[in-house]
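Q: The amino acid sequence is not available; the structure is as follows:
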């Protein structure tokens, strides 16, 4: 029998050969399916979008949740400002709080304390840290170091799923009898020990949030140490990655004391212990029988041992974002990169030995207060170095005033004001007059609101095209920026005058009870409150801009180029809106130079040389201008 | 068990624990409240028995048959001098009592003939009766509570009013009901409270801003109660005929009881005498 | 600068306050200089190096390292402020042993509670009477044990603190329940009152009220009444102070004498 042949494509094969080919085809298909399964192309919806282990999606989850909390914390502040501007007036808006908090629209003092405590807690622990570290850190760090994902994807997922319940427990506490926590975000015992049940929710929520941060920080450290791409040496790391690296150490080392403290306070409240209750307490005319042997200052030490490094957790990622955006929009390298990195590491170390400058009024002797004043003055130096380096980076630049750049530029003087006003507070003798006044509120809000939050906005405008493939609208962005810039100063600048006048913080009526505070409080509070509402109005363009473009991008309408800002760092070497699979890069990039090689003598007219780009043609020796090296970028063109 | 399942379980357990702890606190705090010794005298019977008695008592009789108990409360011996309360701690309060007028301590209020006011008189083993209509009122005026002593009924609304242009906080320390502590920062504010459980031992309501302010309140499951007036008199009407234990309570002098039997439409006169 | 800041700051009538105010003024000078310096640099740079005016950026940027010198200058000024002003001022303020050597001070104990300041003077014997938490009632908020011989002559008052002008005052601060903070804005005095701790502070008032209304403020969140936990501060002349103490003397003590039976 003659051997018949099969036709495959335009070739004729014998059956035996065809069978071999078929087997090979099946094997390859199986292998591909297996690979797809592993790399998540066909993961079920719930594993892809809910319990995702992909750093990018977790970053998006963090960002969305944290932005919701940011808006929520902002709303709490608006209600407080409404009360402070016009104390004791009835507002229908207040009725939202329910009749137990605001009967007839008049806010009650205990409800004001609830708003104050939760504004602080939500902003610090649920909005800014998760946005700065959870969202930006998660999304950007692995991309910038050229890693396929975080080192521990499941730990990363666990981190988000500790954060969200923590936040929900905090929210649920508003429904507790007696309302939510009302002892300030600092929760000083014994006040917090004897507070209503909302405080118990607060503590449990904190335990979740702390756990979340710990899981995240371990992950960041291992990722940055282990998963840097080939050639990504420590001195080629973008400053943002350095900032996140130091931040992670702060989280890892500072949070455990607070976790312990939260558990101790929880025991005081539910198990009748008295870690923070000294003997002989008489509360509201009744002897507190479970009190004895404890010390309320213990809590303050444990709390501030966390909370001062926490300040740097709030500010370092922001500095990182600003550095990225500035370098990109000045079109030149950062000035003094090495001293900035050194200063950041030093700042990290020093932040662990300054905590008691929050406690100058607790009866400190000269020796101990001198120690903490000295460390506080020392820590101001690296901050000055970083800020100076950022300012000087502007020298000789060709500034593009894009929206992210506007926010980053505004950050510099605003953070400067925040930093400078820290000086009198860090000197114990000056603090004697200014402690716990609105001066303090003004100081740290300048650091965190027009400071960190502006930087976070810069980051959102900057990386939005990376995440979604769409650029945010520039006009709306500018309206958002200028409105926010004007009115945020309207809210916070008068606080310094109030603080100098000695108006204490956390006063339900803004101080009008007191002779020394009445005039200044009545003169400035309505103005500040109106500014706060104008500030809200100018967030609307952002919210519209954000959701409009996010939805459009989700519907597949992408309009941004792969590298819209002509940036040099590796995050822009990955494909736009990288697919939610492990493996951000089609080919793992190899890093060949520092992070900010804009307008180097060896780059072409495009004016930037990405970290991974290969110069295909060596410049001839002694060559002058007119060199046109060809850049072989790996991915953006794909 | 795989690692994944174990972790999921651990996670669920932690959540459950968290919720349990939250709920646990509520009961703990209640226990604490019950454990606290109030300064008020505690000689009356346990509240639970009183509640049970009321529930099983005879139904409301025809009002036409109703009896009335009236009487007077007297104090023998020397009545203590009540000092004027010094209100200089809050200049507003002081301004409401020029020369200390109306600022006398109300612990013992005695008439010229020894008539003792502010004594709660109530039927201990009373049947259920028609609840008193309308709210009870606790007024804060001139940094005093008006009235100083009163009885509200289970479920009856209690209107707490601030007629002062200063902050008062109403801190109620009941034994069986949840404690509350509410600020009233603005003049004219009213807040309405209700008690779901009886408080046979009168509890204290105090203001933490003005330490001298205190008021006593009993919560009863029936309408057969009265508080002796300035002339020492009290009156309990609409009472179905029967034999009752009548209890009188005073914040300083404690509790007394008397047996009394009333027939249909009968009007009985009772005198309680406390020793000063 | 001093005039500018004093538009806002309350007047200062204590012996040590001048030192504190000088420090505040000096730090604000430093802040102003730094802010104006960097602010003008910033504005110039925004103008000079905008992309449309300077399209070709300079890869190396600034060559000079003068910023190092500004950083060193800042560090030096901070050291001066710290060593020259803050530490001496704090040492004067916080040195509690000094209280013992003060000549003939007015000694007062202040026990903070939600929401008032209980003031106790030791009386002629100069010894504070014993306090017992179990004796606390609405008319004896201090829980003063009147059976204690040392307590018989003690003078108490709520929210009203009288001190003598030009005579050092030593205040022993503590609290019955939660943490409060004792703040006298016109005296540049601020100290937390912490339960379980007895913290002495000292200062010398240098002017009488002369009709001005001075207050004690609470500067640490202590609950719903925190915002109006306010006391009155009176700085009396020697005779006024003696008269006031006398007016609060034995008669009041007698009125409060019997602790309630129940």
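A: Here it is on my side, so go on. Values in this document were obtained by computation on a predicted structure and should not be read as measured data. Numbers count the residues shown, from 1 in each chain, chains lettered A, B, ... in the order given.
Q: now the residue in the stretch 1-150 of chain B positioned nearest to chain C, what's its secondary structure?
A: Chain C sits closest to residue B:89 of the stretch 1-150 of chain B, with a gap of 3.9 Å, by C-beta to the nearest C-beta. Any C-beta I mention is one placed from the backbone N, CA and C, and that applies to glycine too. Following DSSP: H, G, I helix; E, B strand; the rest coil, we place residue B:89 in the coil state.
Q: Just give the number of residues close to it.
A: If you count neighbours by other C-beta atoms under 10 Å in any protein chain shown, residue B:89 ends up with 25.
Q: For the helix or strand containing residue A:256, name the packing helices and strands.
A: In this structure, residue A:256 is located in helix A:239-270 according to DSSP states H and E. Contacts defined by 3 or more C-beta pairs under 8 Å, 6 or more residues apart in numbering or on different chains; DSSP states H and E place helix A:239-270 against helix A:138-145, helix A:198-226, helix A:296-330, helix A:337-350, helix B:3-35.
Q: quick one on the thing from earlier: against residue A:7, how distant is the residue of the stretch 1-150 of chain B closest to chain C?
A: 106 Å (C-beta to C-beta, to the nearest Å).
Q: what's the burial count for residue B:137?
A: Residue B:137: 15 neighbours (other C-beta under 10 Å).
Q: Most tightly packed of the helices and strands packed on helix A:239-270?
A: Counting by mean count of other C-beta atoms under 10 Å in any protein chain shown, helix A:138-145 has the highest mean neighbour count of those, with a mean of 27.
Q: who's in contact with that helix?
A: Counting contacts by C-beta atoms under 8 Å, 6 or more residues apart in numbering or on different chains, the residues outside helix A:138-145 that touch it are A:55-56, A:58-60, A:62-63, A:147-150, A:156, A:216, A:220, A:223-224, A:227-229, A:232, A:237-238, A:240-241, A:244, A:463, A:466-467, A:569-571, A:574, A:578, A:584.
Q: Skipping its backbone neighbours, what lies nearest residue A:52 in space?
A: With C-beta to C-beta, 6 or more residues apart in numbering or on different chains as the criterion, residue A:52 has its nearest non-adjacent residue at 5.9 Å, and that residue is residue A:58.
Q: okay, the one you found: pLDDT?
A: As predicted, residue A:58 sits at a pLDDT of 95.
Q: From the chain's centroid, how far away is the helix or strand containing it?
A: Per DSSP H and E: residue A:58 is located in helix A:55-85. Per C-alpha atoms, centre = their mean, to the nearest Å, the displacement of helix A:55-85 from the mean C-alpha position of its chain is 12 Å.
Q: Indicate whether stretch A:513-520 makes contact with chain C.
A: Yes - using C-beta under 8 Å from any C-beta of the partner chain, stretch A:513-520 comes into contact with chain C via A:513-517, A:520.
Q: related to what we said a few turns ago, just the angle for the helix holding residue A:58 relative to helix A:198-226, thanks.
A: 140 degrees (axes from the mean of the first three to the mean of the last three C-alpha atoms, to 10 degrees).
Q: Could you list the buried residues of helix A:55-85?
A: Going by neighbour count (16 or more other C-beta atoms under 10 Å in any protein chain shown), the buried part of helix A:55-85 is A:55-63, A:65-67, A:69-70, A:72-85.
Q: returning to what we had before: following the helix holding residue A:256, which helix or strand comes up?
A: Downstream of helix A:239-270 (by DSSP H and E), the next one is strand A:282-283.
Q: Tell me if that following strand is near chain B.
A: No - applying C-beta under 8 Å from any C-beta, one finds strand A:282-283 separated from chain B by no less than 9.3 Å.
Q: can you tell me which helix or strand the closest residue to chain A within the stretch 151-262 of chain C belongs to?
A: Using C-beta to the nearest C-beta, residue C:196 is the residue of the stretch 151-262 of chain C that sits closest to chain A, at 2.5 Å. Using DSSP H and E, residue C:196 sits in no helix or strand.
Q: Below-threshold pLDDT in the stretch 1-150 of chain A: ranges please.
A: A:1, A:34-42 (pLDDT under 70).
Q: Show me what from it comes close to chain C.
A: So the stretch 1-150 of chain A meets chain C at A:108-110, A:113, A:116 (C-beta under 8 Å from any C-beta).
Q: rewinding a little: taking their axis directions, the helix holding residue A:256 and helix A:296-330 sit at what angle?
A: Going by the same axes, to 10 degrees, helix A:239-270 makes 160 degrees with helix A:296-330.
Q: tell me which residues of helix A:239-270 are tucked away?
A: Quick answer for helix A:239-270 (16+ other C-beta under 10 Å): A:239-255, A:257-259, A:261-266, A:268-270.
Q: for the chain, which spans come out with low pLDDT?
A: In the absence of a named chain, chain A is used. A:1, A:34-42, A:581-582, A:616-638.
Q: You answered for a different chain; I wanted chain B.
A: For chain B (pLDDT under 70), the answer is B:1-63.
Q: got the residues of the stretch 151-276 of chain B near chain C?
A: So the stretch 151-276 of chain B meets chain C at B:166-167, B:169, B:181, B:183, B:206, B:208-209, B:211-214, B:252, B:254 (C-beta under 8 Å from any C-beta).
Q: and if we set it to 7 Å?
A: Contacts of the stretch 151-276 of chain B with chain C, taken as C-beta under 7 Å from any C-beta of the partner chain, map to B:167, B:169, B:183, B:208-209, B:211-212, B:214, B:252.
Q: Can you add secondary structure and give those back as TSV?
A: Converted to TSV, these look like this (three-state DSSP):
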residue	secondary structure
B:167	coil
B:169	strand
B:183	strand
B:208	coil
B:209	coil
B:211	coil
B:212	coil
B:214	strand
B:252	coil
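Q: got TSV for those residues, with neighbour count too?
A: As requested, these are exported to TSV (neighbours: other C-beta atoms under 10 Å in any protein chain shown):
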residue	neighbour count
B:167	27
B:169	27
B:183	29
B:208	25
B:209	24
B:211	25
B:212	20
B:214	25
B:252	18
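Q: tell me, which of those residues make contact with chain A?
A: Answer for those near chain A (C-beta under 7 Å from any C-beta): B:183, B:208.
Q: can you list the residues of the stretch 151-276 of chain B next to chain C in JSON lines and add distance to residue B:113?
A: Converted to JSON lines, these look like this (distance: C-beta to C-beta, whole Å):
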{"residue": "B:167", "distance to residue B:113": "40"}
{"residue": "B:169", "distance to residue B:113": "38"}
{"residue": "B:183", "distance to residue B:113": "42"}
{"residue": "B:208", "distance to residue B:113": "37"}
{"residue": "B:209", "distance to residue B:113": "37"}
{"residue": "B:211", "distance to residue B:113": "33"}
{"residue": "B:212", "distance to residue B:113": "28"}
{"residue": "B:214", "distance to residue B:113": "27"}
{"residue": "B:252", "distance to residue B:113": "19"}
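Q: With respect to residue A:202, which of the residues of the stretch 151-276 of chain B next to chain C is nearest?
A: residue B:183 (20.4 Å; C-beta to C-beta).
Q: who's in contact with residue A:296?
A: A:188-190, A:276, A:278, C:179, C:194-196 (C-beta atoms under 7 Å, 6 or more residues apart in numbering or on different chains).
Q: If we use 6 Å, what do you get?
A: A:189-190, A:276, C:179, C:194 (C-beta atoms under 6 Å, 6 or more residues apart in numbering or on different chains).
Q: do you know how far the closest residue to residue A:379 other than its chain neighbours is from residue A:245?
A: Distances taken as C-beta to C-beta, 6+ apart place residue A:350 nearest to residue A:379, at 4.3 Å, with adjacent residues excluded. Distance of residue A:350 to residue A:245, computed by C-beta to C-beta: 16 Å.
Q: One more: residue A:128?
A: In terms of C-beta to C-beta, residue A:128 sits 19 Å off from residue A:245.
Q: neighbours of residue C:208, just the number please.
A: The local packing of residue C:208 (other C-beta under 10 Å) involves 18 other residues.
Q: what sits against residue C:209?
A: C:234-235.
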